[in-house]
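**Student:** Return a 3D structure for these sequence lines:
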Amino acid sequence: MKERVFTVRNKAGIHCRPSSVILNAINSNYPGHTFTVVTTDGQEVEINSILTLISLGMTVGTQAMLRVEGPEEAKALQEVGDLFENEFDFPPR
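**Tutor:** Numbering: from 1, shown residues only. As a prediction, the model looks like this:
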């Protein structure tokens with residue numbers, strides 16, 4: 001198992017669209033891996049849906065720990081951790 005502390009940098013936090021990007025990366029690139037987020041208040045949640053991520057209420061500046069278990073832990077931790085720290089720039093609808 002690998003771990004990394006991350007800080008949410010997206011101005012609107014981790015809402016539906018960033019959650020979708022994160023889940024897409026997990027499901028497309030890392031089948032067979034387990035991703036868990038541990039928040040500073042002790043919540044520990046396995047990332048398996050957009051609603052799971054949204055329920056954590058991560059706003060800009062939130063720090064949490066990402067844990068990854070699986071065959072490509074280091075690569076998965078780097079890619080998904082970077083997504084949590086990304087400042088998403090979604091085009092207006």
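**Student:** Could you point out which residue ranges in the chain have low pLDDT?
**Tutor:** 91-93 (pLDDT under 70).
**Student:** Centroid-nearest residue for it?
**Tutor:** Taking CA atoms, centre = their mean, the centroid of the chain lies closest to Phe84, which sits 4.8 Å from it.
**Student:** ok, it - contacts?
**Tutor:** Phe6, Val8, Ile14, Ile22, Met58, Ala64, Leu66 (CB atoms under 8 Å, 6 or more residues apart in numbering). All C-beta spots, glycine's among them, are computed from the backbone N, C-alpha and C.
**Student:** I'd like to know which elements the longest helix seen in the chain is packed against.
**Tutor:** The single longest helix within the chain, with elements called by DSSP state H, is helix 16-29. Under the contact definition 3 or more CB pairs under 8 Å, 6 or more residues apart in numbering; DSSP states H and E, helix 16-29 sits against helix 50-55, helix 73-84.
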